[in-house]
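> Got a predicted model here, sequence first, then my questions.
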Amino acid sequence: ADIYLALYNDKDALVSAKKVSVSDNLDVTFTVSDEMNSAWTLKYYVWDGMNPYTEAKAINKTYGYDNVVDQTKDLTVVYFGDSQTQGKAFTAPLDNSFELQRSINNASYTGINSGVGGTSSQLGIYRLDSDVIAHNPDLVFVEFYPNDWNISGQGKDTAAANAELAKLISYHENIIKRLTALDHVPVIIYMNPMEQSAEGEDSYNTQVVKMLSGLLSHYDIPTMDFDAYARSLIATGEYTWDDFRIASNNVHFTSKGGQICADWMYDLLVNHSADYVKMPKFGAADFQSITYAAPKLVPAVYAHCDANWKNIAVDTITEGYWYPVSENPFPQGYMASNVTGSEMTFKFSGTSLYIFTLIGPKGGKAEYEIDGVYSGTVDTYTASSGMYKMSKTVKTGLENKEHTVTFKVVEPNTNASGDISFGVGYFMVEE
């Protein structure tokens with residue numbers, strides 16, 4: 001029999017396991033992060049099997065893989081992405097296929113759409129706990145390629161662009177590592193929607209696919225590349241771009257395009273499952289050194305505001321694109337003001353600060369100071385058809401210590417009915 005020591009964190013998730021030799025003076029070293037605290041535990045196990053080390057690393061874990069491949073088991077799927085996901089053009093018909101499949105086998109199906117229009121994987125790392133992990137999924141589709149282009153460095157060969165690309169990769173590595181560290185480990189599949197581009201040129205989406213290919217290969221995470229599939233159909237002459245994307249832009253699905261996409265994805269899951277439904281890759285070293293172990297999403301209701309700010313409900317506002325809000329995007333409140341000079345102050349510890357806000361025709365502008373020094377402005381006005389959720393950069397590259405940021409409204413929107421002007425739903429803090 002062999003003996004293994006296993007280290008568990010304060011969420012009782014396995015961090016590391018090591019085979020040890022029995023002796024009077026046992027000396028075992030574990031490399032741990034700064035997150036370690038008194039709630040972490042060390043357990044030992046005695047194994048007598050063919051491959052005890054693999055078994056020890058999998059102690060107390062269950063796998064979404066089992067529920068995905070066995071159609072007689074209940075299945076929970078989370079779609080995690082931007083407006084392509086939120087719009088339900090491909091998720092709704094895919095839900096229908098899953099639900100029919102499970103009902104035939106007397107099993108249940110739950111599909112959760114966690115898409116937020118206009119957002120990237122940067123906000124994704126803050127939303128992961130509440131919008132994905134809380135649902136205990138068996139399968140997670142990740143779809144941020146269209147908006148990730150904006151924070152990718154856009155293929156430029158400069159120091160600043162390369163730094164942006166490194167951060168983009170780190171956001172996705174954070175998502176992958178946190179999902180694979182769960183007690184119930186989901187299958188992870190990345191999904192690239194279509195985007196029209198000039199003949200012979202890669203779409204912005206596809207360029208981001210290439211940027212992340214090394215990371216996904218490192219963790220053996222597959223990508224369902226619908227952009228490539230749509231182009232192959234168009235090349236036959238039987239389809240045009242108008243079959244796939246709405247006429248007003250080159251990104252969002254038509255109903256027909258969404259159905260084609262969903263049918264194709266379902267076929268890959270059922271008939272090519274070995275390529276797409278995979279167990280997580282254990283023991284992989286970090287792909288790169290930049291990590292975000294504990295991104296924090298702090299409700300703006302915890303900021304100190306003067307009397308000109310109101311905590312308002314925004315669930316009746318028409319959100320961006322053409323989708324009505326079906327739930328309150330800021331359940332703890334949205335702090336907003338349309339009075340010039342009104343101030344909001346927030347204390348935080350970290351190196352970067354962003355806000356999760358609403359932008360659109362009812363938005364306003366505020367300037368801000370950090371630690372008493374004027375640092376810039378945030379403008380939440382756009383001439384779009386409605387208000388929608390968006391993350392805005394406040395400041396990056398700060399010293400990792402406590403800071404104080406103060407926002408002052410400088411251009412309220414006089415057309416902002418319902419008290420919507422400059423506002424903050426959440427502060428996003430990177431340590």
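Alright, I've got the coordinates.
> can you give me the strands in the stretch 251-400 of the chain?
Secondary structure of the stretch 251-400 of the chain (DSSP state E, counting those that start in this stretch): strands at 296-299, 304-305, 310-312, 334-337, 343-350, 352-359, 365-370, 373-379, 388-395.
> Now render these as TSV, adding mean neighbour count.
C-beta: built from backbone N, CA, C; applies to glycine. Output for the strands of the stretch 251-400 of the chain, formatted as TSV (neighbours: other Cβ atoms under 10 Å):
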stretch	mean neighbour count
strand 296-299	17
strand 304-305	16
strand 310-312	16
strand 334-337	28
strand 343-350	18
strand 352-359	23
strand 365-370	19
strand 373-379	13
strand 388-395	20
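> Of those strands, which is nearest Asp242?
strand 388-395 (25.0 Å; Cβ to Cβ).
> circling back to that earlier point, among the strands of the stretch 251-400 of the chain, which comes closest to Ala228?
Closest approach to Ala228 among the strands of the stretch 251-400 of the chain (Cβ to Cβ): strand 388-395, 28.6 Å.
> tell me the average confidence for the closest one?
For strand 388-395, mean pLDDT rounds to 83.
> Identify the residues contacting that strand?
For strand 388-395, the external contacting residues (Cβ atoms under 8 Å, 6 or more residues apart in numbering) are 116-120, 122-123, 319-321, 329, 352-360, 368, 370, 375-376, 378, 380, 405, 425, 428.
> how about Asn105, what does it touch?
Contacts of Asn105 (Cβ under 8 Å, 6+ apart): 71-72.
> try it again with 10 Å
For Asn105, the contact set (Cβ atoms under 10 Å, 6 or more residues apart in numbering) comprises 70-73.
> Quick check: the farthest pair among these?
Gln71 and Lys73 (7.3 Å).
> intersection of neighbour lists for these two?
Common neighbours of Gln71 and Lys73 (Cβ under 10 Å, 6+ apart) are 102, 105, 107.
> quick one: buried residues of stretch 72-85?
By neighbour count on 16 or more other Cβ atoms under 10 Å, the buried set for stretch 72-85 is 75-85.
> between the residues you listed, which is closest to Ala6?
For the buried residues of stretch 72-85, the nearest to Ala6 is Thr76 (27.3 Å; Cβ to Cβ).
> for the helix or strand where the closest one lies, what is the average pLDDT?
Assigned by DSSP states H and E, Thr76 falls within strand 75-81. Strand 75-81 shows a mean pLDDT of 96.
> so Gln122 sits in a strand?
No: under DSSP: H, G, I helix; E, B strand; the rest coil, Gln122 falls outside any strand and is assigned helix.
> Make sure it is actually in contact with Leu297.
No: judged on Cβ atoms under 10 Å, Gln122 makes no contact with Leu297 at a distance of 11.8 Å.
> list residues touching both of those two?
With Cβ under 10 Å, 6+ apart as the test, Gln122 and Leu297 both reach 354, 428.
> Poorly predicted segments of the stretch 151-300 of the chain, please.
Across the stretch 151-300 of the chain, the ranges flagged by pLDDT under 70 are 199-200, 248-250, 282-283, 289-294.
> Could you report the neighbour count for Ser103?
The tally of other residues near Ser103 (other Cβ atoms under 10 Å) stands at 11.
> again with Asp131
18.
> before we move on, what SS does the nearest residue to it once chain neighbours are set aside have?
Once flanking residues are discounted, Asp131 sits nearest to Ser114: 4.0 Å by Cβ to Cβ, 6 or more residues apart in numbering. Here Ser114 is recorded as strand under three-state DSSP.
> Please give me every residue in contact with Ser114.
Contacts of Ser114 (Cβ under 10 Å, 6+ apart): 78-81, 85-86, 91, 124, 127-128, 130-132, 134-135, 137, 140-141.
> quick one on the thing from earlier: could I get the shared contacts of Gln71 and Lys73 as TSV with secondary structure?
Listed next are those as TSV, based on three-state DSSP:
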residue	secondary structure
Arg102	helix
Asn105	coil
Ala107	coil
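> measure Val301 to Asp129 for me?
18 Å (Cβ to Cβ, to the nearest Å).
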